[in-house]
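In: sequence and predicted model, in that order:
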Amino acid sequence: QSVAILGAPFSKGQKRRGVEHGPKAIRDAGLVEKLSNLDYAVHDFGDLTFKHLEKDEHFMHVPFPRTVGRANQLLSGAVSGAVGAGHTCIMLGGDHSLAIGSVEGHAQQCPDLCLIWVDAHADINTPLTSPSGNLHGQSVAFLLKDLQNKMPEVPGFSWMKPFLSARDLVYIGLRDVDPGEHIILKTLGIQYFSMRDIDRMGIQRVMEVTLDHLLARKQRPIHLSFDIDAFDPSLAPATGTPVNGGLTYREGIYVTEEIHNTGLLSVMDVVEVNPTLGATPEAVEATTSLAVDVIASALGQTREGAHVAFPKIP
Ligand SMILES: N[C@@H](CCCCC(O)O)C(=O)O
Ligand SMILES: [Mn+2]
Ligand SMILES: [Mn+2]
Ligand SMILES: [Mn+2]
């Protein structure tokens, strides 16, 4: 089994500095070693180089539309190439606007993919509903066919068209959803599990229903888009939009263990790690090592231990 690591040092989907340093911080926390210990052939493709476009006026109140669009066009090609080469792909952000390119590139290779979005936020605003204009809060709206007639033509995104059906998406961890997003979730009948649902049902049942919803009819590749802010801020403080009452370590790891056990994980995004936002070095280290743990768990690291099959106890 081979895994490709793609660094996407990009921050223009939001306004805070520092999230572009996420890829390096996650690597510095030992990602490559950890995955090598899981018997993966690790292909680290390094970091993409994103150009900041000089002329890039706002579209409505949306900053850097062309820069974000261009970055995602580049990322799309890189993810498509990695998946096409037979790798399981880990995309290290950078802000969550990068999921536009990551999922689009994945869909070029796997048009029947399903998407699991683990996040405190729905990231499904359109430019018309967004309170901030920030594109990291609009990623899913760019992907969904069902929202096509609600989306304006944003400059920088003419290279792509929406391809995902609302029924092929499930959210886990929601606890800060804007009114415009809530209308969209309800109108499109999107399956979501908020933190309240997790409290009511427990994470085991949430994963059972999630994987049944997405895979019962047909097994297909999984795209896991994991925003580190899905975790409780006490566990992942170094992030741009923290929200109280998030996933415990055990809930987050259970999510990724269950996804690994399907054998269908094809691309995983890990985004919104901002090493400049940790109050102390320990806070940064907690966030980056959590990112490494959740990636390792999605790729087969187990809590109970593992061994190569021996004929008998040595
Ligand atoms: N819903 C807010 C916050 C989005 C947060 C983006 C990411 O961290 O999930 C907005 O649209 O600005
Ligand atoms: Mn501006
Ligand atoms: Mn997000
Ligand atoms: Mn978020």
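Out: Okay, I see it. Residues are numbered from 1 along each chain as shown. Ligands and ions are numbered 1, 2, ... in the order given.

In: same question for stretch 216-235, mean pLDDT?
Out: The average pLDDT within stretch 216-235 is 98.

In: do that stretch and ligand 4 come into contact?
Out: Yes: interface with ligand 4: stretch 216-235 contributes D227, D229 (C-beta under 5 Å from the ion). In short, each C-beta sits where N, CA and C put it, glycine included.

In: what about that stretch, distance to the chain center?
Out: Computed by C-alpha atoms, centre = their mean, to the nearest Å, the chain-centroid distance of stretch 216-235 equals 7 Å.

In: and it, which residues are buried?
Out: 220-233, 235 (16 or more other C-beta atoms under 10 Å).

In: those: which two are farthest apart?
Out: For these, the maximum inter-member distance is 33.5 Å, found between R220 and P233 (C-beta to C-beta).

In: in the stretch 151-300 of the chain, what residue is nearest ligand 1?
Out: Nearest residue of the stretch 151-300 of the chain to ligand 1 (C-beta to the nearest ligand atom) works out as T241 at 4.2 Å.

In: which parts of the stretch 151-300 of the chain sit against ligand 3?
Out: The stretch 151-300 of the chain has residues D227 near ligand 3, with proximity defined as C-beta under 5 Å from the ion.

In: V243: how many residues sit nearby?
Out: 18 (other C-beta atoms under 10 Å).

In: specify the local secondary structure of it.
Out: Three-state call for V243 (DSSP: H, G, I helix; E, B strand; the rest coil): coil.

In: was I right to think V32 contacts I5?
Out: Yes: counting by C-beta atoms under 8 Å, I5 is a contact partner of V32 at 7.0 Å.

In: in the chain, where is pLDDT below threshold?
Out: Scanning the chain for pLDDT under 70 picks out no residues.

In: so what's the residue of the stretch 51-200 of the chain found nearest ligand 1 up against?
Out: Minimum separation of the stretch 51-200 of the chain from ligand 1 (C-beta to the nearest ligand atom) falls at G137, amounting to 2.3 Å. Counting by C-beta atoms under 8 Å, 6 or more residues apart in numbering, G137 makes contact with Q14, H96, H121, D123, N125, S130, D178.

In: now with 6 Å?
Out: By C-beta atoms under 6 Å, 6 or more residues apart in numbering, the contact set of G137 is D123, N125, S130.

In: likewise for Q108?
Out: Contacts of Q108 by C-beta under 6 Å, 6+ apart are S80.

In: the closest residue to ligand 3 within the stretch 51-200 of the chain and S130, how far apart?
Out: Nearest to ligand 3 in the stretch 51-200 of the chain, going by C-beta to the ion, is H96, at a distance of 3.5 Å. Look at H96 and S130: by C-beta to C-beta, to the nearest Å, they are 13 Å apart.

In: after the helix or strand hosting G101, which helix or strand is next?
Out: Following DSSP states H and E, one finds G101 within helix 99-109. Later in the chain than helix 99-109, the nearest helix or strand by DSSP H and E is strand 114-118.

In: what angle do that following strand and helix 99-109 make?
Out: Interaxial angle, strand 114-118 versus helix 99-109 (axes from the mean of the first three to the mean of the last three C-alpha atoms, to 10 degrees): 160 degrees.

In: tell me who's in contact with D47.
Out: Counting by C-beta under 6 Å, 6+ apart, D47 makes contact with G7, P9, P23.

In: tell me the bridge partners for the residue nearest to it when sequence neighbours are not counted.
Out: In space, and not counting its chain neighbours, D47 is closest to G7: 3.5 Å by C-beta to C-beta, 6 or more residues apart in numbering. Note on G7: beta-bridge partners D47, L92, judged by DSSP bridges.

In: give me the number of residues near G7?
Out: 22.

In: contacting residues for it?
Out: Contacts of G7 (C-beta under 6 Å, 6+ apart): P23, D47, L92.

In: need the residues touching each of V32 and I5.
Out: By C-beta under 6 Å, 6+ apart, the residues touching both V32 and I5 are D44.

In: quick one, helices of the stretch 1-150 of the chain?
Out: With DSSP state H, counting those that start in this stretch as the criterion, the stretch 1-150 of the chain has helices at 22-28, 31-36, 65-84, 99-109, 139-143.

In: hey, which of the ones you listed is tucked in deepest?
Out: Highest mean neighbour count among the helices of the stretch 1-150 of the chain (mean count of other C-beta atoms under 10 Å): helix 139-143, with a mean of 29.

In: so what's D146 up against?
Out: For D146, the contact set (C-beta under 6 Å, 6+ apart) comprises A166, L188.

In: how does it look with 7 Å?
Out: S165, A166, L188 (C-beta atoms under 7 Å, 6 or more residues apart in numbering).
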